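K.L.:
starting from these lines, generate the structure:
(chains A and B)
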There are 2 protein chains.
Amino acid sequence: MAQKPSIPKGTRDFGPVEMAKRNYIFNTIREVYARYGFQQIETPAMETLQTLMGKYGEEGDKLLFKILNSGDYLKKISDEELLARQPIHLATLLAEKGLRYDLTVPFARYVVQHREELQLPFKRYQIQPVWRADRPQKGRYREFYQCDADVVGSDSLLNEVELIQIIDTVFTKFGIRVQIKINNRKILTGIAELINEAERITDITVAIDKIEKIGVEKVIEELQALGISDSAINKLRPILMLTGSNEEKLETMEGLLQVSEIGKKGLDETRFILNTLKAVGLKNEVQLDLSLARGLNYYTGAIFEVKALDTPMGSITGGGRYDNLTGIFGMSGLSGVGISFGADRIYDVLNTLDLYPKEAITTTQLLFINFGEAETAYSLPCVAKAREAGIRTEIYPDSAKMKKQMSYANAKEIPFVALAGEEEMAANKFTLKNMQTGEQVTLTSEALIQTVAMHQQH
Amino acid sequence: MAQKPSIPKGTRDFGPVEMAKRNYIFNTIREVYARYGFQQIETPAMETLQTLMGKYGEEGDKLLFKILNSGDYLKKISDEELLARQPIHLATLLAEKGLRYDLTVPFARYVVQHREELQLPFKRYQIQPVWRADRPQKGRYREFYQCDADVVGSDSLLNEVELIQIIDTVFTKFGIRVQIKINNRKILTGIAELINEAERITDITVAIDKIEKIGVEKVIEELQALGISDSAINKLRPILMLTGSNEEKLETMEGLLQVSEIGKKGLDETRFILNTLKAVGLKNEVQLDLSLARGLNYYTGAIFEVKALDTPMGSITGGGRYDNLTGIFGMSGLSGVGISFGADRIYDVLNTLDLYPKEAITTTQLLFINFGEAETAYSLPCVAKAREAGIRTEIYPDSAKMKKQMSYANAKEIPFVALAGEEEMAANKFTLKNMQTGEQVTLTSEALIQTVAMHQQH
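P.N.:
The predicted structure follows:
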């Protein structure tokens, strides 16, 4: 009963080369997070629907993957309920678990559930897949990884500073030149107050967030359509078109926002973050961008966004400060700040710019050719020693034709091949072939291992 | 709307310490797999139910977590089908995807789907969670990791040898003393032939597999209940109770199995594996155990099982050779051999024997106390340098009470704390406190970093 195998749409297999690249990305991020004292946690793929529902808006509820209850899942459902055929209502009876949709809600749930054990401030990172029943399209998947770091239980702006340092360090390690944009939700609130539209802050930030995509004029049209007065828009226009250095922008805004306490606080926060970053020194530029809003209503303080400078690509990292992460689960007063690296987009950028270090994607470093039983027995101790020396080593398992074994080495891009036939065995040596240069040398097993190990370090 | 948060039964959160321990386990296994030339792949959490159903028996089908279809999942289901209330049939209409149940079926699906790209022999490893709707109980979870390595497309016994070397290396790195048991399904077939019960091989191996649990006499009772004749059982008895060295067992069995071609082949294979392992040298003992069957009918050659010597625990690793992995997906002739480390049980063994290396579970290595804005500004360059030197470093984000900051260091078991108040700042130095010994020294920032870095290497 042959089946033509396939995987669900929007999902992906990752083969050896893709995995090596992905591991390079995840390990780099993981290492930097750890170096800043963040600790890893993992939460289950499945959460109760009670935990997940209502956290991502009506649209999000629909995009949750729900798990059919086990056993006789129909038992508690009446005929009437079945025949009413209301998919959304019936789903609540058929399913009590769902796949996590992001890492933030499970983290909030984790903090509340484990609050007794946690030492605050809690600096956690989490690198796990999430699932969304989005319509699959280019670059959008139904299963993808998120790489989040958050600090909860501390209002200090040092956390913002450190998260931007982390962003700077990670992209420096990747060799991706980036622009780090920052803004502050309090400044946006201040602007709304300035133009006497404090209640419309959400509409305004959502509109402002689109400046880069649709331009200032279209945003202004949207604001007009929302009923924002012309006098308000006239006050807003110079702010949206603000240019100059961060210092110049801050000075201009300080002049404008004298009327708004919260606006002034946002400017003070931003000044502290920018000054401290200047003191510690970054490799990449940080730019204050007042049009940055990230469309997310839950940010309450600093907002970050990162773009690659050398290839067009949307935001590759983002984040910000939010209040009351855990309020939805009945624990109030816990503020946090976090970032999230977009692993799939970073993967594409590294591919486009060809920035993967060779050693990160080399798997096997040394292959011993198999000429038969006696030759294999001769080679095995050297194979073992190479592995002990940390060299990723294979011996071809079958005594297949030489051509087949060499094409295996080529396909796996193995940089060194070792051969031992009658001559080498008589001399107690091996022939080592450098697959890049084609160069061959005859060596003792010790010298062979040293040669490959040295090459590895370059 | 406060909810009391919880997670689905049978699932787990992993906090920072558990994650550090789990990462130690996974990284050790990963590193050894890679050193033997195995390449990592990942497959999606969701597979089509067409891929999953019918691969794990009727019971397995029930234990699959099925994903409710998105959108109007009732559209194609008639009223009659709904009211018939047949959970199993209806599930095939409500769900077309399920969560993977193991890593073997997705691997087989992967091999068939990607056969054009694959270089055979294909040595792959895969470390991912699987999900089973088993009744949760102590030590049995609904979400758990498997750590599999398989070689497909090579019949060479060198693969068996290498997998046992991998097992030996991994447990040596863990510091867990183990006994590695091996057997061969061909020997079991030979035994069935010897006693003229060749067709009953499945019943016999399932019964034999229970020897360790229920003893020889109970197994014999089971065989009698299955209708195996007394004369057959009398021939079987000495084999089940066979003792002595591997060499002695092989010799005895070679005498007994002269009648069975396949039995002799199994003995030859076992002899080759044991002799080659002796030549390469293992740290742990390998024992031929003819009662080892692992209850799995799909093994066709060598069978492996690993037990810890110093703590009672079931099998912590197992594996073997199978034929025709990919036949279920219409691609025949591909033989394979693989192993699977039981991460959850290894975790428990390492806990019981207290074998986690301290550096593996230390997260932050150095904490700077925060005395206020000026002191922080003074400390930040040293914090940055420590991180550049690879030291996992934090600065407490708030200028909280000293006691609170020290208890944070204690709770996170941070080995070093750095302090800089007025005196240190005036002298351009830091006080470094060793949290284990209580010792305090005053140092330049360079000496501080050197001290912590040296300690890290011990």
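K.L.:
which element is A:Y125 on?
P.N.:
strand A:122-131 (DSSP states H and E).
K.L.:
counting contacts, what elements does that strand pack onto?
P.N.:
Under the contact definition 3 or more C-beta pairs under 8 Å, 6 or more residues apart in numbering or on different chains; DSSP states H and E, strand A:122-131 sits against helix A:16-35, strand A:39-40, helix A:104-113, strand A:143-152. To be clear about C-beta, it is placed using only N, CA and C from the backbone, and glycine gets the same treatment.
K.L.:
partners of it, with directions?
P.N.:
Neighbouring strands of strand A:122-131 in its sheet, by DSSP bridges, are strand A:39-40 (parallel), strand A:143-152 (antiparallel).
K.L.:
just the CA trace of it, in CSV.
P.N.:
C-alpha atoms of strand A:122-131 as CSV (Å, rounded to 0.1, in the frame of the first residue of the first chain):
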residue,chain,number,x,y,z
PHE,A,122,13.8,36.9,36.1
LYS,A,123,15.8,37.0,32.9
ARG,A,124,14.6,34.2,30.7
TYR,A,125,15.2,33.2,27.1
GLN,A,126,13.2,30.7,25.1
ILE,A,127,13.9,29.2,21.6
GLN,A,128,11.0,27.0,20.5
PRO,A,129,8.6,26.5,17.6
VAL,A,130,5.2,28.1,17.5
TRP,A,131,2.2,27.2,15.3
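K.L.:
tell me how far that strand lies from the chain's centre.
P.N.:
9 Å (C-alpha atoms, centre = their mean, to the nearest Å).
K.L.:
quick one on the thing from earlier: for the helices and strands packed on strand A:122-131, which one sits closest to B:I182?
P.N.:
helix A:16-35 (28.6 Å; C-beta to C-beta).
K.L.:
contact partners for the most centrally placed residue in chain A?
P.N.:
For chain A, A:F341 is the residue whose C-alpha lies nearest the centre (C-alpha atoms, centre = their mean; 3.0 Å). Residues in contact with A:F341 (C-beta atoms under 8 Å, 6 or more residues apart in numbering or on different chains) are A:29, A:147, A:170, A:316-317.
K.L.:
likewise A:L448?
P.N.:
Taking C-beta under 8 Å, 6+ apart, one finds A:382, A:386, A:418, A:430, A:432 in contact with A:L448.
K.L.:
do that again at 6 Å, thanks
P.N.:
A:430, A:432 (C-beta atoms under 6 Å, 6 or more residues apart in numbering or on different chains).
K.L.:
burial of the residue in the stretch 201-350 of chain A positioned nearest to chain B, as a residue count?
P.N.:
Minimum separation of the stretch 201-350 of chain A from chain B (C-beta to the nearest C-beta) falls at A:G330, amounting to 2.8 Å. Per other C-beta atoms under 10 Å in any protein chain shown, the neighbour tally for A:G330 reads 12.
K.L.:
what do you get for the one 10 residues further on?
P.N.:
The local packing count at A:S340 equals 19, with neighbours defined by other C-beta under 10 Å.
K.L.:
skipping its backbone neighbours, what lies nearest it in space?
P.N.:
Computed as C-beta to C-beta, 6 or more residues apart in numbering or on different chains, the closest residue to A:S340 that is not its neighbour in sequence is A:D148, at 4.7 Å.
K.L.:
if I look at the one you found, how far off is chain B?
P.N.:
14 Å (C-beta to the nearest C-beta, to the nearest Å).
K.L.:
please apply the same query to A:R200.
P.N.:
26 Å.
K.L.:
is the nearest residue in space to A:T352 that is not next to it in sequence in a helix, a strand, or coil?
P.N.:
Nearest in space to A:T352, with sequence neighbours left out and distances taken as C-beta to C-beta, 6+ apart, is A:T311 at 4.9 Å. What DSSP: H, G, I helix; E, B strand; the rest coil gives for A:T311 is coil.
K.L.:
tell me the confidence at A:T311?
P.N.:
With respect to pLDDT, A:T311 has a value of 93.
K.L.:
ditto for A:P238
P.N.:
84.
K.L.:
now the residue of the stretch 51-200 of chain A found nearest chain B: closest residue in space, sequence neighbours ignored.
P.N.:
Minimum separation of the stretch 51-200 of chain A from chain B (C-beta to the nearest C-beta) falls at A:S156, amounting to 3.7 Å. Spatial nearest neighbour of A:S156, excluding adjacent residues (C-beta to C-beta, 6+ apart): B:P397 at 3.7 Å.
K.L.:
hang on, the earlier thing: and the residue nearest to the centre of chain A, what are its phi and psi?
P.N.:
Main-chain dihedrals, A:F341, degrees, to the nearest 10: phi -80, psi 130.
K.L.:
just grab the bridge partners of it for me.
P.N.:
The partner residues for A:F341, given DSSP bridges, come to A:C147, A:T317.
K.L.:
mind showing which ranges of chain A have poor pLDDT?
P.N.:
Counting by pLDDT under 70, chain A contains low-confidence ranges at A:1-3, A:295-296, A:457-458.
K.L.:
can you give me the domain boundaries for it?
P.N.:
Domain assignment for chain A by the TED database gives A:16-44+A:100-353, A:362-455.
K.L.:
among the ones you listed, which is the most enclosed?
P.N.:
Among the domains of chain A, the stretch with the highest mean neighbour count (mean count of other C-beta atoms under 10 Å in any protein chain shown) is domain A:16-44+A:100-353, at a mean of 19.
K.L.:
now do the same end-to-end measure for that domain.
P.N.:
Using C-alpha to C-alpha, to the nearest Å, the end-to-end distance of domain A:16-44+A:100-353 comes out at 20 Å.
K.L.:
cool, and stretch A:317-333?
P.N.:
26 Å.
K.L.:
and the closest residue in space to A:N23 that isn't next to it in sequence, how far is that from B:I166?
P.N.:
Spatial nearest neighbour of A:N23, excluding adjacent residues (C-beta to C-beta, 6+ apart): B:Q40 at 7.0 Å. Using C-beta to C-beta, to the nearest Å, B:Q40 is found at 14 Å from B:I166.
K.L.:
who's the residue nearest to A:N23 bridged to?
P.N.:
Beta-bridge partners, per DSSP bridges, of B:Q40: B:Y125.
K.L.:
on that earlier part again, where's the residue of the stretch 201-350 of chain A closest to chain B relative to A:Q113, distance?
P.N.:
From A:G330 to A:Q113 the distance is 11 Å (C-beta to C-beta).
K.L.:
so what touches the helix or strand containing A:V170?
P.N.:
Secondary structure assignment for A:V170, by DSSP H and E: helix A:158-174. Outside helix A:158-174, the residues that touch it by C-beta under 6 Å, 6+ apart are A:28-29, A:32, A:36, A:151, A:178, A:180, A:273, A:276-277, A:282-284, A:302, A:306, A:317, A:337, A:339, B:397.
K.L.:
how does it look with 7 Å?
P.N.:
A:28-29, A:32-33, A:36, A:149, A:151, A:178, A:180, A:273, A:276-277, A:280, A:282-284, A:286, A:302, A:304, A:306, A:317, A:319, A:321, A:337, A:339, A:341, A:346, A:350, A:355, B:376, B:395, B:397 (C-beta atoms under 7 Å, 6 or more residues apart in numbering or on different chains).
K.L.:
who's in contact with A:P129?
P.N.:
The contact partners of A:P129, by C-beta under 7 Å, 6+ apart, come to A:143-145, B:45.
K.L.:
one more time with 10 Å, if that's ok
P.N.:
Applying C-beta atoms under 10 Å, 6 or more residues apart in numbering or on different chains, we find A:P129 in contact with A:11, A:45, A:99-100, A:103, A:141, A:143-146, A:343, B:42, B:44-45, B:128-129.
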